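> one predicted model, sequence on top.
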Amino acid sequence: MVDTHLDFYAAAAKSREILPYLPTASPGYDGRPWVGTRPKIHVRLNPTPAKFKKILEGARELLLKAPPGSPRILTIGAWNEFAEGAYIEPTKEWGMQYLETIRNVFGTGERKK
(Lines give C-alpha, C1' and ligand atoms only; values in the text may rest on other atoms or scores of the structure.)
Protein backbone atom coordinates (compact mmCIF):
# COMPACT_ATOMS: atom_id res chain seq x y z
CA MET A 1 0.00 0.00 0.00
CA VAL A 2 2.94 2.35 0.55
CA ASP A 3 3.88 2.10 -3.12
CA THR A 4 0.24 2.59 -4.11
CA HIS A 5 0.12 5.85 -2.14
CA LEU A 6 3.28 7.00 -3.91
CA ASP A 7 1.76 6.02 -7.29
CA PHE A 8 -1.33 8.11 -6.47
CA TYR A 9 0.90 11.06 -5.64
CA ALA A 10 2.77 10.70 -8.96
CA ALA A 11 -0.51 10.57 -10.92
CA ALA A 12 -1.80 13.59 -9.02
CA ALA A 13 1.33 15.56 -9.88
CA LYS A 14 0.49 15.10 -13.56
CA SER A 15 -3.11 16.23 -13.23
CA ARG A 16 -2.99 18.93 -10.56
CA GLU A 17 -3.07 21.79 -13.08
CA ILE A 18 -6.55 20.59 -14.03
CA LEU A 19 -7.79 19.68 -10.57
CA PRO A 20 -6.12 20.48 -7.23
CA TYR A 21 -5.17 17.38 -5.28
CA LEU A 22 -5.04 17.14 -1.50
CA PRO A 23 -3.00 14.06 -0.60
CA THR A 24 -3.99 11.69 2.15
CA ALA A 25 -1.46 9.75 4.20
CA SER A 26 -2.59 6.59 5.90
CA PRO A 27 -0.68 5.03 8.78
CA GLY A 28 -2.26 1.71 7.79
CA TYR A 29 -5.60 0.15 7.00
CA ASP A 30 -6.94 -3.36 7.30
CA GLY A 31 -10.61 -3.77 6.41
CA ARG A 32 -10.61 -7.56 6.75
CA PRO A 33 -12.51 -7.53 10.06
CA TRP A 34 -15.48 -6.00 8.19
CA VAL A 35 -15.27 -7.47 4.70
CA GLY A 36 -13.57 -10.82 5.19
CA THR A 37 -10.32 -12.06 3.72
CA ARG A 38 -10.85 -10.49 0.29
CA PRO A 39 -11.24 -6.77 0.87
CA LYS A 40 -12.31 -4.60 -2.03
CA ILE A 41 -9.89 -1.86 -1.04
CA HIS A 42 -6.18 -1.71 -0.34
CA VAL A 43 -4.90 -3.32 2.82
CA ARG A 44 -1.60 -2.45 4.44
CA LEU A 45 -0.50 -5.19 6.79
CA ASN A 46 2.22 -4.81 9.40
CA PRO A 47 2.15 -1.01 9.51
CA THR A 48 5.20 0.69 10.98
CA PRO A 49 6.31 4.27 11.57
CA ALA A 50 9.01 3.72 8.91
CA LYS A 51 6.40 2.85 6.26
CA PHE A 52 4.30 5.82 7.33
CA LYS A 53 7.37 8.04 6.99
CA LYS A 54 7.82 6.93 3.39
CA ILE A 55 4.22 7.93 2.62
CA LEU A 56 4.63 11.27 4.39
CA GLU A 57 7.84 12.04 2.51
CA GLY A 58 6.09 11.33 -0.80
CA ALA A 59 3.22 13.62 0.18
CA ARG A 60 5.63 16.35 1.29
CA GLU A 61 7.48 16.17 -2.03
CA LEU A 62 4.19 16.49 -3.91
CA LEU A 63 3.10 19.46 -1.80
CA LEU A 64 6.42 21.26 -2.16
CA LYS A 65 6.27 20.92 -5.96
CA ALA A 66 2.71 22.26 -6.14
CA PRO A 67 2.23 25.26 -8.42
CA PRO A 68 2.11 28.67 -6.71
CA GLY A 69 -1.27 29.34 -5.19
CA SER A 70 -2.14 25.65 -4.91
CA PRO A 71 -3.33 24.47 -1.51
CA ARG A 72 -0.66 22.68 0.48
CA ILE A 73 -2.90 20.54 2.64
CA LEU A 74 -2.29 17.00 3.81
CA THR A 75 -4.94 14.88 5.48
CA ILE A 76 -4.00 11.99 7.71
CA GLY A 77 -6.42 9.16 8.38
CA ALA A 78 -6.85 8.27 11.17
CA TRP A 79 -6.01 9.24 14.74
CA ASN A 80 -7.35 6.17 16.58
CA GLU A 81 -8.87 3.50 14.31
CA PHE A 82 -7.14 0.67 16.15
CA ALA A 83 -9.45 -2.06 14.85
CA GLU A 84 -8.52 -1.06 11.29
CA GLY A 85 -4.80 -0.69 11.93
CA ALA A 86 -5.06 3.04 11.15
CA TYR A 87 -3.80 5.06 14.08
CA ILE A 88 -1.19 7.62 14.99
CA GLU A 89 -2.22 7.87 18.64
CA PRO A 90 0.51 6.81 21.11
CA THR A 91 0.61 3.07 21.84
CA LYS A 92 2.59 0.63 23.96
CA GLU A 93 4.20 -0.82 20.84
CA TRP A 94 5.28 2.39 19.09
CA GLY A 95 5.07 5.02 21.81
CA MET A 96 5.01 8.48 20.19
CA GLN A 97 6.81 7.36 17.00
CA TYR A 98 3.91 8.02 14.59
CA LEU A 99 3.43 11.56 15.90
CA GLU A 100 7.19 12.15 15.98
CA THR A 101 7.40 10.96 12.37
CA ILE A 102 4.89 13.62 11.32
CA ARG A 103 6.88 16.26 13.19
CA ASN A 104 10.17 15.08 11.73
CA VAL A 105 8.89 15.12 8.14
CA PHE A 106 6.88 18.35 8.32
CA GLY A 107 8.14 20.15 11.40
CA THR A 108 11.44 21.34 12.69
CA GLY A 109 13.02 17.94 13.11
CA GLU A 110 13.74 15.71 16.05
CA ARG A 111 13.15 17.12 19.49
CA LYS A 112 16.31 17.59 21.53
CA LYS A 113 16.43 15.55 24.72
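Ah, there it is.
> tell me the first helix or strand C-terminal of the least confident helix or strand in the chain by mean pLDDT.
Lowest by mean pLDDT, DSSP states H and E among the helices and strands of the chain is helix 32-35, with a mean of 70. For helix 32-35, the following helix or strand on the C-terminal side (DSSP states H and E) is helix 49-64.
> what does the next helix or strand after that next one rub up against?
Where DSSP H and E defines the elements, the next helix or strand beyond helix 49-64 is strand 75-76. Outside of strand 75-76, the residues within contact range by C-beta atoms under 8 Å, 6 or more residues apart in numbering are Leu22, Pro23, Thr24, Ala25, Ser26, Pro27, Ile88, Ile102. Where C-beta positions appear, they are placed from N, C-alpha and C, glycine not excepted.
> got any ranges where this protein has weak pLDDT?
1, 31-32, 36-44, 108-113 (pLDDT under 70).
> tell me the bridge partners for the most centrally placed residue in the chain.
Centroid-nearest residue in the chain: Ala25, 2.0 Å away (criterion: C-alpha atoms, centre = their mean). In this entry, Ala25 is beta-bridged to Ile76, by DSSP bridges.
> list the contacts for it?
His5, Phe52, Ile55, Leu56, Ala59, Leu74, Thr75, Ile76, Gly77.
> can I assume Tyr87 is in contact with Glu93?
No. The pair Tyr87 / Glu93 is not scored as a contact, 10.5 Å apart, by C-beta atoms under 8 Å.
> in terms of neighbours, single out the busier of these two.
When neighbours are counted by other C-beta atoms under 10 Å, Tyr87 comes out ahead of the other of Tyr87 and Glu93, with 19 against 7.
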